[in-house]
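Trainee: Dropping a prediction and its sequence here:
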Amino acid sequence: MTIAKYLRISDEDRDLRTTGKDESDSVGNQRNLLDAYISQHDEFTGAEIVEFCDDGWSGKNFERPGVRDMLEQVRQGKIQCIIVKDDCVILELNSESPENTGLCDVSSVF
């Protein structure tokens, strides 16, 4: 099994843009949380882990390099599981739109 970790933070992440760091604190925190989650679940033992990251990208659409690469690998059958910190990492939910008030279902993009 291949597991994809997907990390994303908005283009409005101030700590990345103002400090010149390579990645935002939020992305680092997401990575640590996902790594801990994977290590605590026996069903993931021996799985290949790949990481996709869109640090500084808006989640309002799928026009992000990391998510495009990840979804292409899912379509090709190379990835069987995607793990994210929360569903808004994949797609920001717009509370004004009735279609986007529930959880994101990544399978709906195929």
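Mentor: It's in.
Trainee: So residue 49, which state does it fall into?
Mentor: At residue 49 the chain is in strand, as set by DSSP: H, G, I helix; E, B strand; the rest coil.
Trainee: And the nearest residue to it once chain neighbours are set aside, which helix or strand is it part of?
Mentor: Spatial nearest neighbour of residue 49, chain neighbours left out: residue 3 (5.2 Å); criterion: CB to CB, 6 or more residues apart in numbering. (Glycine included, C-beta is placed from N, CA and C.) According to DSSP states H and E, residue 3 maps onto strand 2-9.
Trainee: What mean pLDDT does the top helix by length along the chain get?
Mentor: Secondary structure of the chain per DSSP state H: the longest helix is helix 25-39. Confidence for helix 25-39, expressed as mean pLDDT, is 88.
Trainee: And it, what does it pack against?
Mentor: Under the contact definition 3 or more CB pairs under 8 Å, 6 or more residues apart in numbering; DSSP states H and E, helix 25-39 sits against strand 2-9, strand 48-55, strand 81-83.
Trainee: Just tell me which of those strands ends up closest to residue 70.
Mentor: strand 48-55 (4.2 Å; CB to CB).
Trainee: Residues in contact with stretch 42-53: which ones?
Mentor: For stretch 42-53, contacts defined as CB atoms under 8 Å, 6 or more residues apart in numbering pick out 1-8, 23, 27, 31, 38, 66-67, 69-70, 73, 79, 81.
Trainee: ok so, going back, if I look at the residue nearest to residue 49, how far off is residue 56?
Mentor: Going from residue 3 to residue 56 by CB to CB, to the nearest Å gives 24 Å.
Trainee: ok, now residue 65?
Mentor: Distance from residue 65 to residue 56, by CB to CB: 11 Å.
Trainee: Nice, that's everything, thank you.
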